[in-house]
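> show me how the following folds:
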Amino acid sequence: MIFSRTHLLIVLFFSINLSAQAEKETLPPFNIKTVSFVQNGNNMIPMFRLGDRFELQFDDLFGNEADYYYTITQYNYDWTPSPLAKVEYLQGMDNQRIMNYQNSFNTLQIYSHYTLSFPNQYNRITKSGNYMVKIFDSSQELVFSRKFMLYEEQLAVPLQIKRSRDISTINQMQNLDFVIKTGDHLFQNPANNIKVALFQNGRLDNAIYNIKPQYTIGSDLIYRYNKETQFWGGNEFLYFENKDIRAVGNNVFNVTAGEIYNSHLYLNTSRANQPYTYAPDINGNFLVNNMNSSNSTLEADYSWVYFSLSSNPFIGDKDIYIVGMFNNYSLSPEYKMDYNKERGIFEKPVLIKQGFTNYQYVIVDKKGKIDYENAVDGNFYQTENDYFILVYYRGNNDRYDRIIGRGISNSENITN
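Sure thing, here's the model as predicted:
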């Protein structure tokens, strides 16, 4: 059979799309620490209104003022590559050097602190959607990458948090009940062209995708599922505070000196079989803080933080990791705990910038999948969590997925 050029192009097009895979973030090397999106001086989950200013900040522990460059790439709803050319979503040029960096001072651990602002004098993102910023070294080798989302506020997304409707998980799970109010906007085939992404505390690793509306009332899209929009409630995050790095603080029982300071935390025990106890947290976030400085960004030091966990060692071939926004919930070997047979506990020292830090322990199988159901600290419907919904839209003739709305709610006022 003889194929025409058109047939070959069609086959090539479908082959490329079938082979397209969701893009994953590249984890930073050991010397890159405290990577965070920042807005108005606060660490933020990576969701920003299109046009608003925000920053990507990170430390390089080599402290040698290395040159770093960045690129910005757009992605589809499912994090496969967008078909748009860069000039269609980026005004200006990327692959620019990060010009804003400063060295630490009054710290035992030296580091260079980098700040990349969006938008900046070189470029501005013009379309909403999914994006990834990639950081390269002077040899154009990829150092790390981070995802972020830019949204428009074109419609309202009322959101309520309710207990699970499944009697078997009614005490452990939280369900998202929400409506997309399209109002006077005319969307083509909204039941199919509108998609949603559901997030718990802004985490990308357990987000829920591909949920269709159950029905419509007028122009409103109604989502009132029993199971499909549920998250395990988890427990309140654990925390420690070492804003005075030379003294014991909240949940720090001992401090020792070396090349840098060592903060030894109290032993944590599994809370899965204990009653739920309300303990205010910041839902996985962290705050860099040196109480004895005027500029914590550059004067906050790093310390080795020693974590220890008394938990059931019989977790099969699974592992336990320490995660939080401080490490972007990374499951790299750097945060995997070791089991001390002599003491009968899990242990791990982690290098963390001083301040106030939320963290939690997660059980992970050999394929990298987190076991949320059998969480170390259990699951409780009373747990206070932040929830976010992003609404995506691609019209019949559109070539990319816009984010046209966002919904926010908290489970503090959870209902039946």
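> just the helices in the stretch 51-200 of the chain please.
Counting by DSSP state H, counting those that start in this stretch, the stretch 51-200 of the chain has these helices, from start to end: 86-89, 190-193.
> quick check: which element contains T297?
Following DSSP states H and E, one finds T297 within helix 296-299.
> buried sites along stretch 33-40?
For stretch 33-40, the buried set under the neighbour-count rule, 16 or more other CB atoms under 10 Å, comprises K33, T34, V35, S36, F37, V38. C-beta coordinates here come from the backbone N, C-alpha and C atoms, glycine included.
> now, which of these sits nearest Y111?
Distance to Y111, by CB to CB, is smallest for K33 among the buried residues of stretch 33-40, at 7.4 Å.
> spatially nearest residue to the closest one (excluding sequence neighbours)?
D59 (4.9 Å; CB to CB, 6 or more residues apart in numbering).
> what's the burial count for the one you found?
26 (other CB atoms under 10 Å).
> what does the one 4 residues further on give?
Residues lying near G63 (other CB under 10 Å) number 16.
> residues contacting it?
Applying CB atoms under 8 Å, 6 or more residues apart in numbering, we find G63 in contact with N103, S104, I110, Y111, S112.
> dump the residue contacts of the last one.
I take that to be S112. Applying CB under 8 Å, 6+ apart, we find S112 in contact with D59, D60, F62, G63, N64, E65, A66, Y101, Q102, N103, S104.
> select only the buried ones of those in PyMOL?
Provided next is the PyMOL selection string for whichever of the contacts of S112 are buried by 16+ other CB under 10 Å:
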select buried, resi 59+60+63+101+104
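> pipe the contacts of S112 into a markdown table and attach pLDDT and distance to D401 per row.
A markdown table is the format used below for these (pLDDT from 0 to 100; distance: CB to CB, whole Å):
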| residue | pLDDT | distance to D401 |
| --- | --- | --- |
| D59 | 98 | 33 |
| D60 | 98 | 34 |
| F62 | 97 | 38 |
| G63 | 96 | 40 |
| N64 | 96 | 40 |
| E65 | 96 | 39 |
| A66 | 97 | 35 |
| Y101 | 98 | 34 |
| Q102 | 98 | 37 |
| N103 | 98 | 41 |
| S104 | 98 | 40 |
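> which of the contacts of S112 sits closest to S145?
Closest to S145 out of those is D60 (15.8 Å), distances taken as CB to CB.
> what residues are up against that closest one?
D60 makes contacts with N31, I32, A66, Y68, Y111, S112, Y114, as judged by CB under 8 Å, 6+ apart.
> ok, the third one to F37 distance?
The spacing between A66 and F37, counted by CB to CB, to the nearest Å, is 21 Å.
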